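J.: Predicted structure and sequence below. I'll ask about it afterward.
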Amino acid sequence: MSDIALHLDSTRARAACLGPSGVMLPVLDAMGQAAMPLVLAEGSRGELLSGRQASAMALDSPSRARGSFLNQMGTPQFGGHGADPVRLLELSLEPMKRIRKRDSTVSVTAPAYLDAAMLTVTARAVESAGWKVRVASSSALALWCAAREQATAPSGIVCECDEHAFSLSLLAEHGGRVFVRAVRVLRNLSLPAWRKAVISGLADAVVRACRRDPRADARLDGVLARHAASWLDEEAPPARPSSLEFNGNGWNARLTITPGQVIDWCAPLLRSLGAAVSELQMAAGAAGPAKALVLGSTVRLPGVTRLAEALHENWLGPMHPDALLEAQLAWLGAVNRGEAEPGLWREAPVLNSSEELAGQGAP
C-alpha cells in the first residue's frame, strides 16, 4: 500500500507520496515546482490547459481561464468544457495521475471554508482520479500538528489564504487531540485583494514617474498582473528590491520597488487582518486567548510576518509548505496501524510527523 498526501485550496494543489524507507517524496510538476496552480484554461487552438500553462493564460486572458472553483464544490453552476466544479477538479488533477499506484490511499486536506458536505464532494472527486481517500479534513488541523513540533502551545490560530478567502481557524488541544473551535472566513482579504493592492501601487508609482497610467494600456494589464504575482508567489524567493520596466505607446518608465513600498500599499488589508486576528484571539472565552499564531500559506503576503510579530509573541513562520503534507502522511500511518479511524475529520490526533514517517518503512 502506498500513502499519498494531497492538499487543495482555491489557488493550488500540492501532493507528496511515501517512498522507500518512509521517505516523503514531494510531487513536482513539469517545471520542477511543488505547487500546481488549480486553474483550467482554453488554449489558442481550443485545447484544454491546466497547471502553470493555464495560470499563465489566466494572467494574459482572464476570460479564457477558470479558477477558484473549490469553494463551489457540490454546486454545479459553472459552464465551460461541460464541467461543474467536481469535473473541473477532476480535470485539474490529471497531471497528478502519474503518482497513482495500485492500492494507494490518500489523505486530502482543504481550507476551513469547506463544510462537511463540500469536503465530502471534494474527496469523491479525488477518488474519481483513481485513489482511495481515507482521511479528509481541514488543512488547519494538519498545519497545527506540523507547527506543534516547533512551537508547542495548547491553542492557536492558523492563517491560510487563497483565491477565495483568508481563513482564520482557532484550534485547541485536549487529550492528545486537536480540534477546530471557531473559523472566520474573510472574503475581503482573499488573494485577489492583495493582488489588486499591489497592482494599484505599481500603477500609481508609474504615474508618479512619468505621468502615464499603465492601466490605460490594455497590453500592460498582463505585465502588471505578473509583477504583482511575483510579490505574492509562495514558491518564489523571498521578496527583495526589484527593478521593473514598463513600455507603453511612446513612453517608458523604470522603477525600483522595495518590500517596504509593497507593504505600504497593503496597509489597509493588514489593518483589517490585525483586527480580525485580535477578535478571534479572544474568542477562546474562559480558556483564555490563543497561545500561538501559525502562518500557513500567508507567509509571502506583504507585511504579514511583521504583523504577526506585533500581534503575538509566539508566532511561527515561515513554515515549509511540505510540513502539512508530512502531518497528513503521519495520519495515514496511524490509520494503517489502527491507531486512528478513517473518515471525515473535524479533529485529529497530535503526532510527531518526522518520527511517524520514519517508522512506516517501505510501502
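T.: Okay, I see it.

J.: Show me what the helix or strand harbouring residue 330 is packed up against.
T.: Using DSSP states H and E, residue 330 sits within helix 323-336. With contacts taken as 3 or more CB pairs under 8 Å, 6 or more residues apart in numbering; DSSP states H and E, helix 323-336 sits against strand 3-8, strand 12-18, strand 24-26, strand 105-110, strand 132-138, helix 139-148, strand 347-349, helix 353-358. C-beta: built from backbone N, CA, C; applies to glycine.

J.: Nearest to residue 247 among these would be which one?
T.: Ranking the helices and strands packed on helix 323-336 by proximity to residue 247 (CB to CB) places strand 12-18 first, at 31.0 Å.

J.: Does residue 130 lie in a helix or a strand, and which?
T.: Under DSSP H and E, no helix or strand contains residue 130.

J.: which sections of the stretch 101-250 of the chain are below the confidence cut-off?
T.: The stretch 101-250 of the chain contains residues with pLDDT under 70 at 101-102, 149-151, 237-238.

J.: For it, just list every one of the strands.
T.: Counting by DSSP state E, counting those that start in this stretch, the stretch 101-250 of the chain has strands at residues 105-110, 132-138, 155-161, 166-174, 177-186, 242-248.

J.: Tell me the strands beside the helix or strand just after the last one, with direction?
T.: If I follow you right, that is strand 242-248. Where DSSP H and E defines the elements, the next helix or strand beyond strand 242-248 is strand 251-257. Taking DSSP bridges as the criterion, strand 251-257 sits next to strand 242-248 (antiparallel) in its sheet.

J.: related to what we said a few turns ago, any idea which of the strands of the stretch 101-250 of the chain gets closest to residue 344?
T.: Residue 344 lies closest, by CB to CB, to one member of the strands of the stretch 101-250 of the chain: strand 132-138, at 5.2 Å.

J.: quick one: contacts of that closest one?
T.: Contacts to strand 132-138, defined as CB atoms under 8 Å, 6 or more residues apart in numbering, come from residues 103-112, 114, 119-120, 122-124, 126-127, 169, 180, 328, 331-332, 335, 342-346, 348.

J.: Break this protein down into its structural domains.
T.: Domain assignment for the chain, taken from automatic domain parsing, gives 3-141+320-358, 191-265.

J.: just checking, what packs against the longest helix along the chain?
T.: Counting by DSSP state H, the longest helix found in the chain is helix 191-210. Applying 3+ CB pairs under 8 Å, 6+ apart, we find helix 191-210 packed against helix 221-232, strand 251-257, helix 259-265, helix 267-281.

J.: Could you give me the buried positions within it?
T.: Buried residues in helix 191-210, counting neighbours by 16 or more other CB atoms under 10 Å, are found at 191, 193-195, 197-199, 201-203, 205-206.
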